[in-house]
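*Asks:* Sequence and predicted structure are below.
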Amino acid sequence: MIGYLKGRISHKTPAFIYLECSGVGYHVNISLSTYGRLEGLKEATIFTHMQVREDDISLYGFFEEEERHLFVHLISVSGIGCNTARVILSYMNTDELKKAIIHEDEFALGKVKGIGPKTAKRIILDLKDKMMKTSGAETIASSHKADHTYREEALSALIALGFPKAGMEKQLNAILAKQPQPESVEELIKNVLKQLN
């Protein structure tokens, strides 16, 4: 297993790089997040994961070790392959992904191409406990309890105002995905109403 590679970036695209190490050019598949972090760099240390199959050996590379850990967790979930995990990590940064899993935000995960409701639920079910243990998530989770209360109170108020429940749930989920910790129920309701204008 190759833990990391350190060398010169001889070619770079949003999907992969060639990393030259001691005269050998490694084809390393990357996420958009890692691609962004490599902007302007001619040399880099890339943490890697090697995927070995009967007909293929592929290297996946990450600018930060935390991203590699999340990648390994994702591909442990049934139905999530390396390319799907890379798409998830291209769409969401590591903090956004961990929050989505810990907060059981199926809506945020479902916005990723190729991730349906069942897969989103499976990711949350399989990885929530791991994320809680590895990310100091107890604090995040406790703050989320207040956020969840705000969401439920805001939803009740909006339904009382005559808005459809399904539509309001979607609006609230979208707002909370962008701003996970609203200051108050009032702020949350105002943001929904702004979206409807």
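*Replies:* Received it, and whenever you're ready, just let me know what you need.
*Asks:* check contacts around residue 172.
*Replies:* 151, 154, 155, 188, 192 (Cβ atoms under 8 Å, 6 or more residues apart in numbering). The way it works is simple: take the backbone N, C-alpha and C, and place the C-beta from them, glycine included.
*Asks:* The closest residue to residue 159 other than its chain neighbours: neighbouring residues, count only.
*Replies:* The shortest distance from residue 159 to any non-neighbouring residue, by Cβ to Cβ, 6 or more residues apart in numbering, is to residue 165 (5.5 Å). Close neighbours of residue 165, defined as other Cβ atoms under 10 Å, add up to 11.
*Asks:* do the same with residue 156
*Replies:* Residue 156 - counted by other Cβ under 10 Å - has 13 other residues nearby.
*Asks:* ok, now the one 5 residues further on?
*Replies:* Each residue near residue 161 was counted by other Cβ under 10 Å, and the total is 10.
*Asks:* one step back: looking at the contacts of residue 172, which are in helices?
*Replies:* Those of the contacts of residue 172 mapping onto helices are 151, 154, 155, 188, 192, per DSSP state H.
*Asks:* my guess is the fourth one contacts residue 181, does it?
*Replies:* It stands for residue 188. No: if you go by Cβ atoms under 8 Å, residue 188 and residue 181 don't touch, sitting 10.5 Å apart.
*Asks:* And the two? Which one has more around it.
*Replies:* residue 188 (24 against 12).
*Asks:* wait, what's in contact with residue 176?
*Replies:* The contact partners of residue 176, taken as Cβ under 8 Å, 6+ apart, are 105, 147, 151, 182, 188.
*Asks:* How is it assigned, secondary-structure-wise?
*Replies:* Put simply, residue 176 is helix when judged by DSSP: H, G, I helix; E, B strand; the rest coil.
*Asks:* distance of it from residue 120?
*Replies:* 15 Å (Cβ to Cβ, to the nearest Å).
*Asks:* for residue 57, same thing?
*Replies:* 30 Å.
*Asks:* So between these two, which is more surrounded?
*Replies:* Set residue 57 next to residue 120 and count neighbours by other Cβ under 10 Å: residue 120 wins out with 21 against 8.
*Asks:* How far off centre is stretch 106-126?
*Replies:* On the basis of Cα atoms, centre = their mean, to the nearest Å, stretch 106-126 is displaced by 10 Å from the centre of the chain it belongs to.
*Asks:* Give me the buried positions along it.
*Replies:* 106-112, 115, 119-120, 122-124, 126 (16 or more other Cβ atoms under 10 Å).
*Asks:* Counting only strands, which of these make the cut?
*Replies:* Per DSSP state E, strands hold no members of the buried residues of stretch 106-126.
*Asks:* among these, which two are most distant?
*Replies:* 111 and 126 (19.2 Å; Cβ to Cβ).
*Asks:* Pull up the distance across stretch 82-98, start to finish.
*Replies:* By Cα to Cα, to the nearest Å, the extent of stretch 82-98 from end to end equals 18 Å.
*Asks:* do stretch 153-167 as well
*Replies:* Across stretch 153-167, first to last residue, Cα to Cα, it's 15 Å.
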